[in-house]
Structure formats: C-alpha cells, structure tokens
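K.L.:
Need coordinates for the below:
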Amino acid sequence: MTILRSAALFALAALLEIGGAWLVWQGVREHRGRLWITGGVLALGAYGFVATFQPDAHFGRVLAAYGGIFVAGSLLWGVVADGFRPDRWDIAGALICLAGMAVIMWAPRSTR
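P.N.:
Predicted coordinates for the structure are as follows:
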C-alpha cells in the first residue's frame, strides 16, 4: 500500500508541477493572459506541498526520485496537450528515468 500511495502522490505532483508550468507557458508565450499565469502559479505552489506527504522522510531522496516522474510526465503531457510525438529515444530515456526513480524510492533499505 505504501508504494501505491507514493506512486499516487508522484502522479499528483507531476500533474500540478507540469500542468502549472504549462499554464504559465500558455499565459506568457501564447499570450493567453494573466488568468492562465495565475492558475499556473497556484498549481506550482500546490505542488510544493505534495512532496511533504511522501512516506519517505528524506527531502533529497523524494525530489531526486520525482525527477524520473517529471521526465516521463513531461513527455506524456506533451503528447496529450500539445500533440508532441516522442521518438524511441525519448521513450527509452523516460523508461530509464522511471527505473532510476523506482530504485531510488522503493529499493529495500536497512533501518539502521
């Protein structure tokens, strides 16, 4: 159950961070306005709280592991929101990042 909860928190973090950054991008680069930017800033702020709910107490480990989720999630967001078509190297890189995330976050550790 801990891994499932952790994975759900990573997914929520990705939604907030990537979505927030995308909203800011749309507001500034695509001239959609301050409402988009404000929504993005609020989502990015909410993202900052999500990591605190991870079961692991080590900030560095949680954020390093989240990096793998961010890489894969960013590519997926590009596919869904912008019609981006990742090539095999994008996909291979994302899978490597996800494997690294799993090792960092969920490898069995001694409790010493």
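
K.L.:
make it CA atoms for all contacts and neighbour counts henceforth
P.N.:
Will do.

K.L.:
Please name the residues that touch the spatially most central residue of the chain.
P.N.:
Among the residues of the chain, the one closest to the centroid is A14, at 2.7 Å (C-alpha atoms, centre = their mean). For A14, the contact set (C-alpha atoms under 8 Å, 6 or more residues apart in numbering) comprises 47, 69-70, 73.

K.L.:
one more time with 6 Å, if that's ok
P.N.:
The neighbourhood of A14, defined by C-alpha atoms under 6 Å, 6 or more residues apart in numbering, consists of F70.

K.L.:
Quick check: buried residues in the helix ranked longest in the chain?
P.N.:
Among the elements of the chain assigned as helix by DSSP state H, the one spanning the most residues is helix 2-29. Taking 16 or more other C-alpha atoms under 10 Å as the neighbour-count basis, helix 2-29 is seen to contain the buried residues 6-7, 9-27.

K.L.:
For S110, see how far away the residue nearest to the centre of the chain is.
P.N.:
In this structure, A14 lies at 29 Å from S110, with C-alpha to C-alpha, to the nearest Å as the measure.
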